[in-house]
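Novice: could you work out the structure for the sequence below:
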Amino acid sequence: MRIEVALYCTEDAELTPLLRLGAGACAGIIAMSATYPMDMVRGRLTVQTEDSPMRYRGMFHAASTIMKEEGPLAVYKGWLPSVIGVIPYVGLNFAVYESLKDWLIKRNMVNKPDDSAELSVLTKLGCGAVAGTVGQTVAYPLDVIRRRMQMVGWRDASSVITADGQAKTPVQYAGMVDTFRKTVQNEGFRALYKGLIPNSVKVVPSIALAFVTYEVMKDLLGVEFRISD
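Specialist: So this is what the prediction gives:
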């Protein structure tokens, strides 16, 4: 998105943090919406166990079973919190990465006017890691809500095991707000960040590498950007 905006905007246009956030958010919403059914199926396949009354045999069997038993729109359960989460997640990733990178380049130009202001690969990786950490932390509660909403209506879902080891019927949620309320009410605010650390171990490096790959491809394609004042 940043490449397209930079190529087609006028010379006086500036890629402000707000524009970067908006461009990143729009790109993320489109990509997420197109692939969301597969994310829904992945969530169901991930949580099923050997004790599940009926097991999905694979991706296509899971998708067809979900649509047959729960309706064709069931593969989009949890889509709303995902869309809302894309704004801080993808938007902040783009905004933080580009703003931090531009700030470092400008600082290099001031401190070392005779040297190249280009950032090293390690520095860009660091910028990507910071961006991934910020976006991931802000948007993670919505990811938890999304996962829980994806389980709603699954009649063969396994029992939920509580902290005291007692099994109980899985909690049913009526929507995004209801999921937030019941999660905090039953498990406390910290429940919204369950799994944050292991998820960050996967997401933060991948975002950092994605941005560096983006920069390398940009250089190979010969695309240049003017840093706005």
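
Novice: and V177, how far is that from D39?
Specialist: Distance check for V177 against D39: by Cβ to Cβ, to the nearest Å, it reads 21 Å. The way it works is simple: take the backbone N, C-alpha and C, and place the C-beta from them, glycine included.

Novice: with adjacent residues omitted, what lies nearest to the residue nearest the centre of the chain?
Specialist: By Cα atoms, centre = their mean, the chain has its centre lying nearest to Y89, at 5.2 Å. Once flanking residues are discounted, Y89 sits nearest to A139: 3.7 Å by Cβ to Cβ, 6 or more residues apart in numbering.

Novice: tell me which residues of the host helix or strand of that neighbour are tucked away?
Specialist: Assessed by DSSP states H and E, A139 sits inside helix 121-150. Buried residues in helix 121-150, counted by 16 or more other Cβ atoms under 10 Å: 123-137, 139-150.

Novice: repeat that for stretch 213-226.
Specialist: Of the residues in stretch 213-226, those buried (16+ other Cβ under 10 Å) are E215.

Novice: now do stretch 34-52
Specialist: 36-37, 39-41, 43-44, 48.

Novice: from the contact counts, what lies against the longest helix anywhere in the chain?
Specialist: In the chain, assigned by DSSP state H, the helix with the most residues is helix 79-111. With contacts taken as 3 or more Cβ pairs under 8 Å, 6 or more residues apart in numbering; DSSP states H and E, helix 79-111 sits against helix 17-47, helix 121-150, helix 176-187.

Novice: show me what the second one is packed against.
Specialist: For helix 121-150, the packing partners by 3+ Cβ pairs under 8 Å, 6+ apart come out as helix 17-47, helix 79-111, helix 176-187, helix 196-221.

Novice: how about low-confidence regions in the chain?
Specialist: 1-15, 17, 20-21, 51-54, 110-117, 155-171, 223-229 (pLDDT under 70).

Novice: before we move on, back to that, which one, of the helices and strands packed on helix 79-111, ends up nearest to K202?
Specialist: Nearest to K202 among the helices and strands packed on helix 79-111 is helix 121-150 (9.8 Å), distances taken as Cβ to Cβ.

Novice: please produce CSV containing the helices and strands packed on helix 79-111, extended by distance to Y76.
Specialist: As requested, those are exported to CSV (distance: least, Cβ to Cβ, whole Å):
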stretch, distance to Y76
helix 17-47, 6
helix 121-150, 10
helix 176-187, 13
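
Novice: which one of those helices lies nearest to Y97?
Specialist: Per Cβ to Cβ, nearest to Y97 of the helices and strands packed on helix 79-111: helix 121-150, 3.8 Å.

Novice: now do that closest one and helix 17-47, the angle between them.
Specialist: 60 degrees (axes from the mean of the first three to the mean of the last three Cα atoms, to 10 degrees).

Novice: please compute how far helix 121-150 lies from its chain's middle.
Specialist: 6 Å (Cα atoms, centre = their mean, to the nearest Å).

Novice: what of stretch 42-53?
Specialist: With Cα atoms, centre = their mean, you get 23 Å for stretch 42-53.
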